[in-house]
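J.: What would the 3D arrangement of this be:
(one chain, ligands or ions: 1)
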Amino acid sequence: MMPGKKFAPGLDLPITLDRTASTSIYRQLCEQLRRAILDGRVSGGTRLPSTRTLAQALGVSRTVTSSAYDELFAEGYLEGRHGSGTYVRTDLPPLPRQTPSLPNTLPRWLEKAPPLVYEATIPPQAIAFRLGIPSLSSLPLRVWRETWGTVTARLPPNSHGPTDGDPTLRAELAAYLGRSRGLACTPENILITAGATHALDLVVRATLSVGDCVGMEEPGYPSAQQTVLARGGRLLLVPVDENGMQVERLPHGPAAPLLVYTTPSHQYPLGTRLAVDRRLALLTWAQANDSLIIEDDYDSEFRFDALPLPALASLDEVGRVAYIGTFSKVLTPALRVGYLVAPPQLCERIRQLTYLTDEQVSWPLQQMLADFIARGIWIDIFDACGISMRKSDASWRKLLHPSRISRAYVGWKLACMFILNWNPQFRPRASRIWLGSAMSSSPLLTPTILVPLTVLVCFWAMQAWRSLRFFTA
Ligand SMILES: Cc1ncc(COP(=O)(O)O)c(C=O)c1O
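T.: Predicted structure coming up:
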């Protein structure tokens with residue numbers, strides 16, 4: 001008979017006693033209690049259950065539990081407090097913890113996994129000195145609460161949702177993308193995903209075999225590169241200049257990559273736009289080489305210096321572009337919602353994949369975003385973002401010498417991102433706490449001075465780097 005696992009009451013400690021073993025039951029109990037004290041699962045000062053309660057819980061006689069306690073008393077692990085029971089001694093010396101020694105070598109099932117970069121989540125900070133983190137200041141809490149209220153007042157459906165996402169949200173997105181990005185898509189071409197990175201991963205999973213080549217911008221979005229590597233793809237890095245990816249560098253014929261990932265509207269991280277002649281060349285190249293272009297349109301809701309060009313996918317008449325968008329920039333990455341507009345066959349393949357793995361965004365969130373778009377709140381949010389973006393653009397343009405502006409393209413965009421990332425809840429008092437009391441005495445160290453100063457330093461660093469990269473040839 002298999003020994004049964006029981007729990008010592010009040011300790012949440014599993015005890016397994018095997019009556020068929022050669023070691024006596026009381027010794028087994030004694031050994032398990034001792035081990036629990038030694039490895040810290042039962043800490044100093046813990047009150048043990050009475051011998052009677054423990055005996056009942058374990059289904060043994062009271063002699064067994066009394067003998068086990070007696071032995072632990074004798075060894076010095078326990079102490080009795082008059083009238084109040086038996087306790088683990090509080091003055092036990094620090095005990096050497098037994099940590100299981102893990103093998104240094106990788107197990108067979110992890111051996112072939114490619115090494116990936118993992119970045120720990122950074123906790124919210126007073127000022128987000130990071131690219132790509134949206135400001136929440138344009139999203140009023142009242143509107144947020146109201147929309148959640150409307151959605152949660154409805155009963156959810158009593159079944160799994162469609163694998164490609166909530167039909168209302170897909171319909172709203174199809175209309176929005178038609179209006180603002182020139183995409184002639186129907187809700188059937190749209191799949192709701194858990195963000196842009198998830199959308200990219202789905203395309204890669206649906207199309208790529210281990211060893212297949214993917215063209216990627218250099219410099220480019222590191223997570224996209226990691227996503228391809230994680231799925232066994234090979235990277236073909238294509239340089240970027242002030243007109244975007246150098247499309248003419250893409251090889252033809254058997255060496256042509258199966259997929260090409262690009263950020264044509266606002267190249268990440270340089271901020272340039274893919275010139276129209278290159279857009280057309282890229283589409284022609286994809287058609288000639290039977291390849292797929294993945295367009296990551298991650299932040300085209302923002303208006304930087306000029307209106308964004310229509311999406312690259314809007315020029316595609318032969319189903320060569322998979323278009324990716326996200327709610328991460330205009331709302332927050334915490335939502336984890338994005339979308340993919342793909343040619344019908346690819347859509348079908350991805351629907352099969354997501355059906356298999358049940359990768360879906362939760363119903364209330366999709367309903368809420370559909371409401372956001374339908375009621376125009378979505379547009380209000382990025383209009384507000386656009387206004388503050390344009391304001392910061394304008395002040396930077398005034399602040400800096402006009403002849404330098406064009407050469408400092410990347411730099412001032414970076415500056416705008418920093419200004420947008422300003423957290424309105426961050427007040428001078430908080431800044432003093434943040435900076436430490438020693439520094440707070442200086443009137444110069446206020447956020448009003450510190451923020452532009454830091455931005456300027458970053459700006460100059462970026463400008464120097466860009467000049468080196470593009471103008472040394
Ligand atoms: C170029 C680019 N694509 C995609 C993303 C991530 O989008 P998501 O949060 O929707 O995965 C980012 C985020 O910074 C990005 O910079």
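J.: Need the contact partners of stretch 78-91.
T.: With C-beta atoms under 8 Å, 6 or more residues apart in numbering as the contact definition, stretch 78-91 has outside contacts at 37, 42-48, 50, 69, 72-73, 76-77. C-beta coordinates here come from the backbone N, C-alpha and C atoms, glycine included.
J.: I meant to write stretch 63-75 there.
T.: Taking C-beta under 8 Å, 6+ apart as the rule, stretch 63-75 contacts 25-27, 29-30, 33-34, 37, 48, 51-52, 54-55, 58, 78-80, 86.
J.: cool, and stretch 190-197?
T.: Contacts for stretch 190-197 (C-beta under 8 Å, 6+ apart): 164-166, 169-170, 173-174, 199, 202, 223-224, 227, 296, 298, 324-328, 333, 336-342, 347, 350-351, 354, 359-361, 366.
J.: Quick one, which of these are buried?
T.: Buried by 16 or more other C-beta atoms under 10 Å: 164-166, 169-170, 173-174, 199, 202, 224, 227, 296, 298, 324-328, 333, 336-342, 347, 350-351, 354, 360-361, 366, out of these.
J.: ok, of the contacts of stretch 63-75, which come out buried?
T.: Buried residues within the contacts of stretch 63-75, counting neighbours by 16+ other C-beta under 10 Å: 25-26, 29-30, 33-34, 37, 48, 51, 54-55, 58, 78, 86.
J.: Which of these sits closest to Leu136?
T.: Ile37 (48.6 Å; C-beta to C-beta).
J.: Can you say which helix or strand has that closest one in it?
T.: helix 25-38 (DSSP states H and E).
J.: From the contact counts, what lies against the next helix or strand after that helix?
T.: Where DSSP H and E defines the elements, the next helix or strand beyond helix 25-38 is strand 47-48. With contacts taken as 3 or more C-beta pairs under 8 Å, 6 or more residues apart in numbering; DSSP states H and E, strand 47-48 sits against strand 85-88.
J.: Out of the buried ones among the contacts of stretch 190-197, which sit inside helices?
T.: Using DSSP state H, the subset of the buried ones among the contacts of stretch 190-197 located in helices is 169-170, 173-174, 199, 202, 224, 227, 347, 350-351, 354, 366.
J.: How about the residues of the protein by the ligand?
T.: When proximity is defined by C-beta under 6 Å from any ligand atom, the chain lies next to the ligand at 132, 195-197, 221, 263, 268, 296, 298, 326, 328, 333, 338.
J.: Quick check: which ranges of the stretch 351-473 of the chain have low pLDDT?
T.: By pLDDT under 70, the low-scoring segments of the stretch 351-473 of the chain are 382-450, 452, 459-460, 462-473.
J.: Then the stretch 151-300 of the chain?
T.: Within the stretch 151-300 of the chain, not a single segment meets pLDDT under 70.
J.: closest point of it to the ligand, which residue?
T.: For the stretch 151-300 of the chain and the ligand, the shortest gap (C-beta to the nearest ligand atom) falls at Gly195, measuring 3.0 Å.
J.: For Pro364, give its distance to Val240.
T.: Per C-beta to C-beta, to the nearest Å, Pro364 is found 39 Å from Val240.
J.: Looking at the two now, which is surrounded by more residues?
T.: Val240 (23 against 14; other C-beta atoms under 10 Å).
J.: so the more buried one, which of the three states?
T.: strand (DSSP: H, G, I helix; E, B strand; the rest coil).
J.: what's the nearest residue to it if we skip its chain neighbours?
T.: What sits nearest to Val240 in space, not counting adjacent residues and going by C-beta to C-beta, 6 or more residues apart in numbering, is Glu217, at 5.0 Å.
J.: Neighbours of the one you found, how many?
T.: The burial count for Glu217: 26, using other C-beta under 10 Å.
J.: and it, what are its bridge partners?
T.: Glu217 forms beta bridges with Val238, as assigned by DSSP bridges.
J.: need the contact list for it.
T.: Shown in contact with Glu217 (C-beta under 8 Å, 6+ apart): Leu237, Val238, Val240, Gly244, Met245, Tyr261, Thr262, Thr263, Gln267, Tyr268.
J.: and with 10 Å instead?
T.: Residues counted as contacts of Glu217 (C-beta atoms under 10 Å, 6 or more residues apart in numbering) are 224-225, 237-240, 244-246, 260-264, 267-270, 274, 296.
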